[in-house]
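**Q** from the sequence below, what's the structure:
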Amino acid sequence: MHENPSPAAQVLRVAEIGLAAPAALLAHYGLALQRVADGQPIPGSFWGDEEAGIIGETVYVRDDTPVHSLLHEACHLIVLPPPRRAAVHTDATDSIEEEDATCYLQIMLADQLPGVGRARLAADMDAWGYTFRLGSAQAWFEQDAEDAKAWLIARGLLAEDGRPR
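**A** The predicted structure follows:
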């Protein structure tokens, strides 16, 4: 009898979507995406293992990096003013508001990656162990993230109608 893999093992990985679409998305925000060879440590990874890393304006990933991790770390850089990005190495957040905005924006940007989308990204966030007051990323996004959305709109990262800029 075979055991089912853990939910975290089933999250969407970079190898499954390729680098072209995420690289183009990041370039729109002035960021670069850098692939790291399999088995090599990911520079700037806060959590280590297969988690994405950030240094300056570059997001580092391996093929086994979860897509939600790529988007999360990229969004940490996106929510920062460009002058602050250059100083980032591994840890970009200095406030709960920035962390919430990062989570909100990563869900929004998932729609811009073919084969990903909001629902899949939120499910992967839950499987990976993100925690939200309402019990799931999707519930938080739909019912409890008004402050994060307003924060992003105030900084010009979302249009008034909530679409990413």
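**Q** what helices or strands is the top helix by length along the chain leaning on?
**A** For the chain, the helix with the greatest residue count under DSSP state H is helix 96-110. In terms of contacts (3 or more C-beta pairs under 8 Å, 6 or more residues apart in numbering; DSSP states H and E), helix 96-110 is packed against helix 67-78, helix 117-128, helix 137-143, helix 146-154. Any C-beta I mention is one placed from the backbone N, CA and C, and that applies to glycine too.
**Q** give me the low-pLDDT residue ranges for the protein?
**A** Along the chain, the model assigns pLDDT under 70 to residues 1-8.
**Q** repeat that with 90
**A** 1-9, 46-48, 81-84, 86, 91-95, 129-135 (pLDDT under 90).
**Q** who are the neighbours in contact with A122?
**A** Contact analysis of A122 by C-beta atoms under 8 Å, 6 or more residues apart in numbering lists I107, S136, A137, Q138, F141.
**Q** nearest residue to the fourth one in space, please, no chain neighbours.
**A** Which is Q138. A122 (4.1 Å; C-beta to C-beta, 6 or more residues apart in numbering).
**Q** picking up where we left off before, neighbouring contacts of the longest helix of the chain?
**A** Residues outside helix 96-110 that contact it (C-beta under 8 Å, 6+ apart): 25, 67-68, 71-72, 74-76, 78-80, 92-93, 116-118, 120-122, 125, 130, 137, 140-141, 145, 147-149, 151-152, 155, 157-158, 162-164.
**Q** compute the first-to-last residue distance for stretch 147-164.
**A** Start and end residues of stretch 147-164 are separated by 16 Å (C-alpha to C-alpha, to the nearest Å).
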